[in-house]
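Asks: Got a sequence here, can you build the structure:
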Amino acid sequence: MADEDESGHSGTGDPAAIHVALDAATAATAEARAYLRKQARLAELQIDTLEKKDEFELSHLRWRRFNDQMKGALQIMLVAVAALIVAGLGATVWSAANDKGLVIEAFSVPPDMAARGLTGQAIAAQLQDKLAALQDQTESARPADSYANNWGDDIKVQIPDTGVSVGEFYRLLAAWLGHETHITGEVYRDAGGLAIVARAGGDGGTTVLGREADFDGLMQQSAEAIYARTQPYRYAVYSESQGRPAQARAIYRRLAVEGAAPRDRAWAYVGLGVLDVVADDGYGAVDASRQAVAIVPDFALGWSDIDNSETGLAHDEAALAAARVALRLMTGSGDVDMTPRARAITTWQSKNDIDNALGDFTAALRDGRQAAGLADFSGLAETAREATVQALAALHDDAAARRGWDALPAADDPPERLLRSIGALGLDYWLDDWRALLPQRDVVRKNFETVLAQHLFIVSSLPTLDMRLLRPAVANAMAATGDFAGAHAMIDKTPLDCLICLRSRGRIAALARNWAGADYWFSRAAAFAPSIPFSYSDWGRMLLAKGDYDAAIAKFALANRKGPHFADPLEMWGEALVAQNRSDLALAKFAEAARNAPNWGRLHLKWGEALLWSGDKAGAARQFAVARTLDLAPSEKSELARVRAHG
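Replies: This is a model prediction of the structure:
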C-alpha cells in the first residue's frame, strides 16, 4: 500500500499546477510561432529586396556595359572615319601626284564664233575627240605606262567650277603635285582666214592657218601637232600607219638618241626595225633590233623582232636562237614591257617558230589552234589560222590541210590577198604539189603590185621575199617537174646566206642525180644551220636515193637528234632499214614516226610492207587498210595495189 501511495502521488501531482504549466507552455508556443512567422516574413522581405536590388544592379551593370560598348564603338568609328579620311586624302594626294592625264582648257574664241555655238569649251571638246581618235588609230605592242610622258586614255576637258568644290580642289592638287599636260590655245582671224594656236604645257605652241570653211581639217592638224609634241613615239607609230615613213623614221631616230630612259631608246630602235622591214631592208631590221636588246637585254619584243627579221632572211639558226630567248622572257615573271594582248599572241609566234624550226609540227598545230582564238594583234590571229593549215600539211595530212585552207575566211583587201597568196605557195610547197606551186609565184607578184599601186604598204620592191622564199620554192617545183635548166636559172641567183636556198640547191642536184653536187650543198646547209634538222633529213633522202643506206641512216639519226618529233627522218630511216633487209628494226621507226604524223599515207604503206616482209600478214593488212584511207601519190597507190596482191 505504502508503495502504491508513493507511486500514485508521484504519478498524478497537483492538477492546478499542471494546468498552469500547460497554459504557459501553450502561450510560449504561440509566441514562438508568431515570432517565427515574423522572422519568415522578414526573410521574405529581405530576399525580395535583395532580388529587386540585384535585378536593378544587374540592369544597371548591363546598361553601363552597353554604354561602355557604345562609347568604344563610337571611338572606333571615329578612328575609322579619321583613318578613312586620312587614307582618302592620301589616295587623293597619291593620285594627284601620279596624274599624267591631258587636260584641255577652254580655248579663247572670237565672239561671233561663240555666238554660233563654237565656244571655247566646244572647241576643247572637239580637240578631245580628235586626240582620242588618234589614240585609237595607234596600235602598238608598247604598254601605255612605259612612256616617259604618258597620258594614256585620260583626256579631259576642264570646266571651271564656281566656288570651292571637290573637283576644283583635286585640280589644284593635281596641278601642284602631278604631271598633267595642260593644253591651252586660242582661235582668231587673220588676213588669210582662221588661225588656231594650241600650246602643250609651257611650249611656244603650234599655229595652224587655213580657211574657216576647213575648220575640221584645221582642228585635225592641231590635234596631230599636240600628239607629236606630247606623245612622240605614238605619233611616229601613227605616222607610219598613215603612210608617212620618213616622218616616223625621223622621230624614232631622235628618240633613239634623246630618249629619257633606256627603254624609250630601245623602243625607238624597235620602231626603226619595223620601218626597215617595210622598206625591205632585212639586215637593217636585224641591226636595229639588236641595238634595242643591247640597250635592254631582257627586252622580249626586241628578241622577237630579231627572230622575225632573221626568219625573213632565212637565217634559221639565228632566228631559232632569238625565238628561244624571246619565249623565255615572255613566259617568265619579269617585266615584259608589252601589252597583254600583244604578249599573248607574240608568245605563240615564238613557240610556233621554235616548233617549225625543229620539225615539231604536232606542237605547232596544237598551239596554232589555241592562238587562233586569241584577241588579234597586228594580224597575227589570221597568221595563226594559216599556221595550223601549214602544220597539217607538214604532218602529211593533205586532206585536212586542204579542208582547213578552204575554211579560212575570205581575204577581202589587197594586203590580205597578198599574204594569203604567199601562204598558198607555202602550202603547195609542203604538200609537194609542184604543178600548183609553179603559177603561184606570179599570183604573189601580181598581188604585191596591186598593194604597191594603192600605197597600202610603203615598200620599194620585193627582192627579199622573191630571193629567199619564192625563187627557192619555184626552183624546187621546176626540178620536181623535170625542168632542170629553169630550176638552175632560178636558184643560181639566190643568196648563199639563206638556208632554204642552200637546201634547194642540194635538192635540185639530188633530183638530177648529181650526188657530189647534192652532198656539197647539203653539207653547206648543215654548217649554216647546225641546229635545224631539215638539212640532215634532205641529205639522208639523197643518200637513200643513191643507195648508200648506212650513210643515209647516219644522217637520219642526226636529224632525229636535232628534231625528235620530226616524222620524216624516222620514216625514211625505216625505209633504209627495209632496203637493208632489216624490216624487224624498221617497225620501231615506223611506229615512232606514226606517233608524230599519224595520218601520213606513205608511212602506213611502208609500215605495212615492213610487216609483210617480217611475216606479219595480219598486221600488214591493217596498215594497208589505213593507207587506203589516206592521201597517196599515184605511184604510191600503184605500189599499194601491188604489195596487197603479193600479200
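Asks: residue ranges of the helices in the stretch 401-550 of the chain, please?
Replies: 414-430, 434-437, 440-453, 463-465, 471-480, 484-491, 499-511, 515-528, 534-546, 549-562 (DSSP state H, counting those that start in this stretch).
Asks: Could you list the buried residues of the one helix or strand Ala399 maps to?
Replies: Secondary structure from DSSP states H and E places Ala399 in helix 398-406. Burial within helix 398-406, assessed by neighbour count using 16 or more other CB atoms under 10 Å, is assigned to Asp398, Ala400, Ala401, Arg402, Gly404, Trp405. C-beta here means a position set from N, CA and C on the backbone, and glycine is covered the same way.
Asks: Can you tell me, leaving aside adjacent residues, what's nearest to the first one?
Replies: Spelled out, that is Asp398. Once flanking residues are discounted, Asp398 sits nearest to Asp631: 3.9 Å by CB to CB, 6 or more residues apart in numbering.
Asks: Next, work out how far apart the one you found and Ala393 are.
Replies: 11 Å (CB to CB, to the nearest Å).
Asks: Got the phi and psi for Leu630?
Replies: phi -110, psi 170 (degrees, to the nearest 10).
Asks: Now do the strands in the chain.
Replies: If DSSP state E is used as the criterion, the strands of the chain fall at 102-104, 155-157, 181-190, 193-200, 206-210.
Asks: quick one: strands adjacent to the last one?
Replies: According to DSSP bridges, strand 206-210 has the following sheet partners: strand 193-200 (antiparallel).
Asks: Distance from the chain centre to the strand it pairs with, please.
Replies: 41 Å (CA atoms, centre = their mean, to the nearest Å).
Asks: And for it, what's in contact with it?
Replies: With contact meaning CB atoms under 8 Å, 6 or more residues apart in numbering, strand 193-200 is reached by 127, 181-189, 205-212, 215, 218-219, 221-222, 225-226, 229-230.
Asks: and these, which are buried?
Replies: 127, 181, 183-187, 205-206, 208, 215, 218-219, 221-222, 225-226, 229-230.
Asks: Not counting its neighbours along the chain, what's nearest Leu431?
Replies: Leu431 sits nearest to Ala393 (CB to CB, 6+ apart), 5.1 Å away.
Asks: likewise Leu630?
Replies: Gly601 is the one closest to Leu630 (CB to CB, 6+ apart), at 3.5 Å.
Asks: That neighbour: neighbour count?
Replies: 22 (other CB atoms under 10 Å).
Asks: Check the one 5 residues further on too.
Replies: The criterion is other CB under 10 Å. On that basis, Lys606 has 25 neighbouring residues.
Asks: Please apply the same query to Ala512.
Replies: There are 15 residues near Ala512, going by other CB under 10 Å.
Asks: domains of this structure?
Replies: The record's domain split for the chain, according to automatic domain parsing, is 19-94, 98-242, 244-338, 533-646.
Asks: okay if I get those domains as TSV plus distance to Ile422?
Replies: Below are the domains of the chain laid out as TSV (distance: least, CB to CB, whole Å):
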stretch	distance to Ile422
domain 19-94	51
domain 98-242	22
domain 244-338	12
domain 533-646	20
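Asks: how about JSON lines for the ones you listed, with distance to Lys351 and mean pLDDT added?
Replies: JSON lines is the format used below for the domains of the chain (distance: least, CB to CB, whole Å; pLDDT from 0 to 100):
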{"stretch": "domain 19-94", "distance to Lys351": "40", "mean pLDDT": "68"}
{"stretch": "domain 98-242", "distance to Lys351": "17", "mean pLDDT": "73"}
{"stretch": "domain 244-338", "distance to Lys351": "6", "mean pLDDT": "93"}
{"stretch": "domain 533-646", "distance to Lys351": "13", "mean pLDDT": "96"}
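Asks: From Arg644, how far off is the residue nearest to Asp398?
Replies: Distance, Asp631 to Arg644, using CB to CB: 17 Å.
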